[in-house]
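Engineer: quick check, what structure comes out for this input:
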Amino acid sequence: GSRQRMEFDVAEEVEVEWEWELKRSGAVPPGAWIWWEWQLTDTEGNSHSTERQEMSVTDDRHSWRSIEEDGIVVNWYSGSSAFGEATLRIALESRQRLSEEIGVVSDEEIQFWLYPTAEDVREAIVVSSEWAGAVAFTDYNIMIISLAPGQERWAAEVIPHELTHVVVGMASHNCQGGRLPVWLNEGLAVYGEGAVDSAAESRLDEALQAKELPPLTALADGFSAYGGAAGEAYAHSGAVVNYLIDQFGPEQIDALLRAISSGSTIDPALEEVYGFDTDGLDARWRLSLGYQATPTSAAALAAAEATPTPVPTMALVAPPVAASPTVAPPPTSTAPQPTAPEATVSAGRPTATSTEESVEVIAAVTPTNLGQEEAVMEKAPAAIPGDEPVEDSASGALLWVLVIGAVVLAVAVILGRVIQKKHKSRT
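Structural biologist: Residues are numbered from 1 along each chain as shown. Just a heads-up that it's a prediction; the model follows:
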């Protein structure tokens with residue numbers, strides 16, 4: 001949520017305005033519900049809160065289409081009905097697989113909002129990261145994804161990954177500050193994708209053989225800012241989660257999430273469910289692959305010196321996304337009586353009226369889904385053979401300008417030489 005204290009000079013009628021800076025509270029996705037109210041306090045300390053009002057955040061720049069089945073809603077504006085139905089099928093199948101293989105069940109509505117390009121995603125939620133192609137808002141059970149018709153392979157990867165984040169967020173949600181470590185959150189999402197990335201597995205094996213793989217504890221709060229190390233961290237996290245499920249079953253994962261949901265941090269939760277902590281898990285996983293139980297001092301040192309980032313090249317639980325739009329319409333508050341004012345909130349500019357010498361107004365705007373204020377970001381889809389490419393209109397226009405300019409210059413040079421030869425022949 002967000003609160004802002006506002007003061008104004010004495011007058012029979014005053015007008016105050018407050019702009020919600022989302023850079024502090026985090027971006028709010030389309031489909032989310034927010035509420036707001038005004039709190040009026042006079043010089044005598046008398047306080048009055050206006051009636052709370054709600055609104056749904058919408059992106060009215062596009063003509064949206066929607067399809068819903070069994071608690072999953074898909075919204076899109078680019079593509080045919082078949083595109084929306086195919087996306088819904090992937091989401092339903094992914095959720096069923098999560099229930100069967102991880103033991104995590106979702107009973108709340110989940111929303112997908114599909115934009116055809118990564119740029120459209122960034123504009124919708126004012127994300128600064130240029131590579132961001134998908135964001136999971138686990139507090140709202142909403143996913144914003146860059147997905148266009150023809151990108152079936154990307155859809156098969158990103159939808160299960162994002163859905164896992166949301167479903168796991170439901171299972172581990174708590175009001176006591178307990179959070180999943182990044183390696184567990186991302187490891188479960190990698191497992192949720194289903195298909196194994198053989199290239200990532202090879203890089204992970206190379207790091208283990210070279211004794212350069214950092215300890216699992218180094219992946220609790222963030223991954224490296226560098227693409228190669230971030231990819232290795234995803235592979236490491238996914239492999240450890242796969243080990244847990246293979247060795248102890250999906251039921252134990254559900255028990256682990258419930259322990260965290262009750263307020264436990266990761267090590268006490270692991271001890272309660274499995275009988276070992278994060279270091280113990282890392283050691284058992286390495287030994288199961290035939291490597292030494294603990295990382296070398298060089299690998300641990302490298303992990304300590306690495307600069308973690310909340311936004312790596314693929315997906316990572318991040319702090320509130322930097323943003324600074326204004327949520328419209330802003331609330332309005334009027335208070336004709338200072339001691340027991342009758343106040344209303346409407347979709348206009350915020351105002352307050354009083355005859356007291358000084359009145360303090362506090363505006364509060366809060367998402368209806370309060371939680372850990374997390375957002376999970378995904379990279380934009382890479383070019384996939386057979387998929388329809390998504391062109392960058394600005395770079396494409398620049399390329400054409402350069403090409404046309406080069407052609408004009410070449411023609412000018414040729415004409416100049418022809419005229420020069422004619423001139424010489426005449427002389």
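Engineer: could you pull out the helices for this structure?
Structural biologist: Read by DSSP state H, the chain holds these helices, from start to end of the chain: 22-25, 81-101, 118-125, 152-172, 182-193, 198-209, 227-248, 250-261, 266-273, 278-288, 297-305, 393-426.
Engineer: so which of these is the most surrounded?
Structural biologist: helix 182-193 (a mean of 26; mean count of other Cβ atoms under 10 Å). For the C-beta atoms, the positions are set from N, CA and C on the backbone; glycine is no exception.
Engineer: list the helices and strands that one packs on?
Structural biologist: The criterion is 3 or more Cβ pairs under 8 Å, 6 or more residues apart in numbering; DSSP states H and E, and the helices and strands that helix 182-193 contacts are helix 81-101, helix 152-172, helix 227-248, strand 316-318.
Engineer: one more time with 7 Å, if that's ok
Structural biologist: With contacts defined as 3 or more Cβ pairs under 7 Å, 6 or more residues apart in numbering; DSSP states H and E, the secondary structure elements packing on helix 182-193 are helix 152-172, helix 227-248, strand 316-318.
Engineer: nearest to residue 92, of those?
Structural biologist: For the helices and strands packed on helix 182-193, proximity to residue 92 was assessed by Cβ to Cβ; helix 152-172 is nearest, at 9.7 Å.
Engineer: which outside residues touch that closest one?
Structural biologist: 87, 90-91, 94-95, 98, 104, 106, 108, 110, 134, 136, 138, 141, 143, 145, 147, 180, 185, 188-189, 192-194, 257, 260-261, 315, 376, 378, 381, 384, 387 (Cβ atoms under 7 Å, 6 or more residues apart in numbering).
Engineer: let's see that with 6 Å instead.
Structural biologist: Contacting residues not belonging to helix 152-172 are listed as 90-91, 94, 98, 104, 106, 110, 134, 136, 138, 141, 143, 145, 147, 180, 188-189, 192-193, 257, 260-261, 376, 378, 381, 384 [Cβ atoms under 6 Å, 6 or more residues apart in numbering].
Engineer: just the CA trace of it, in PDB.
Structural biologist: Provided in PDB are the C-alpha atoms of helix 152-172 (Å, rounded to 0.1, in the frame of the first residue of the first chain):
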ATOM      1  CA  GLU A 152       4.200 -21.800 -29.500                       C
ATOM      2  CA  ARG A 153       7.600 -22.900 -28.200                       C
ATOM      3  CA  TRP A 154       8.100 -19.800 -26.100                       C
ATOM      4  CA  ALA A 155       4.500 -20.200 -24.800                       C
ATOM      5  CA  ALA A 156       5.300 -23.800 -23.700                       C
ATOM      6  CA  GLU A 157       8.200 -22.500 -21.700                       C
ATOM      7  CA  VAL A 158       7.100 -19.200 -20.200                       C
ATOM      8  CA  ILE A 159       3.400 -20.100 -19.300                       C
ATOM      9  CA  PRO A 160       4.300 -23.100 -17.000                       C
ATOM     10  CA  HIS A 161       7.200 -21.100 -15.500                       C
ATOM     11  CA  GLU A 162       5.100 -18.100 -14.700                       C
ATOM     12  CA  LEU A 163       2.200 -20.200 -13.500                       C
ATOM     13  CA  THR A 164       4.500 -22.100 -11.100                       C
ATOM     14  CA  HIS A 165       5.500 -18.800  -9.500                       C
ATOM     15  CA  VAL A 166       1.900 -17.800  -8.900                       C
ATOM     16  CA  VAL A 167       0.700 -21.200  -7.600                       C
ATOM     17  CA  VAL A 168       3.800 -21.500  -5.400                       C
ATOM     18  CA  GLY A 169       3.100 -18.000  -4.200                       C
ATOM     19  CA  MET A 170      -0.400 -19.000  -3.200                       C
ATOM     20  CA  ALA A 171       0.900 -22.000  -1.200                       C
ATOM     21  CA  SER A 172       3.700 -20.100   0.600                       C
END
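Engineer: tilt between it and helix 182-193?
Structural biologist: Orientation note: helix 152-172 sits at an angle of 130 degrees relative to helix 182-193 (axes from the mean of the first three to the mean of the last three Cα atoms, to 10 degrees).
Engineer: about what we covered before: please tabulate the helices and strands packed on helix 182-193 in TSV, including the columns mean pLDDT.
Structural biologist: Listed next are the helices and strands packed on helix 182-193 as TSV, based on pLDDT from 0 to 100:
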stretch	mean pLDDT
helix 152-172	92
helix 227-248	89
strand 316-318	31
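Engineer: distance to residue 221 added to the helices of the chain, as JSON lines?
Structural biologist: JSON lines is the format used below for those (distance: least, Cβ to Cβ, whole Å):
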{"stretch": "helix 22-25", "distance to residue 221": "21"}
{"stretch": "helix 81-101", "distance to residue 221": "25"}
{"stretch": "helix 118-125", "distance to residue 221": "23"}
{"stretch": "helix 152-172", "distance to residue 221": "16"}
{"stretch": "helix 182-193", "distance to residue 221": "6"}
{"stretch": "helix 198-209", "distance to residue 221": "20"}
{"stretch": "helix 227-248", "distance to residue 221": "12"}
{"stretch": "helix 250-261", "distance to residue 221": "15"}
{"stretch": "helix 266-273", "distance to residue 221": "11"}
{"stretch": "helix 278-288", "distance to residue 221": "12"}
{"stretch": "helix 297-305", "distance to residue 221": "11"}
{"stretch": "helix 393-426", "distance to residue 221": "35"}
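Engineer: which among the helices and strands packed on helix 182-193 is found nearest to residue 277?
Structural biologist: Across those, residue 277 has its closest neighbour in helix 227-248 (13.0 Å, Cβ to Cβ).
Engineer: can you list contacts of the closest one?
Structural biologist: If you take Cβ under 6 Å, 6+ apart as the criterion, helix 227-248 is touched by 183, 186-188, 190-191, 200, 203-204, 207, 219, 223-224, 285, 312-314.
Engineer: could you redo the last one with a cut-off of 7 Å?
Structural biologist: Helix 227-248 is contacted from outside by 102, 183-184, 186-188, 190-191, 197, 200-201, 203-204, 207, 213, 216, 219, 223-224, 253, 274, 281, 285, 288, 306, 312-314, using Cβ under 7 Å, 6+ apart.
Engineer: once you drop chain neighbours, what's closest to residue 70?
Structural biologist: Leaving aside its sequence neighbours, residue 70 sits nearest to residue 92 (Cβ to Cβ, 6 or more residues apart in numbering; 6.5 Å).
Engineer: please consider this matter closed, and thank you.
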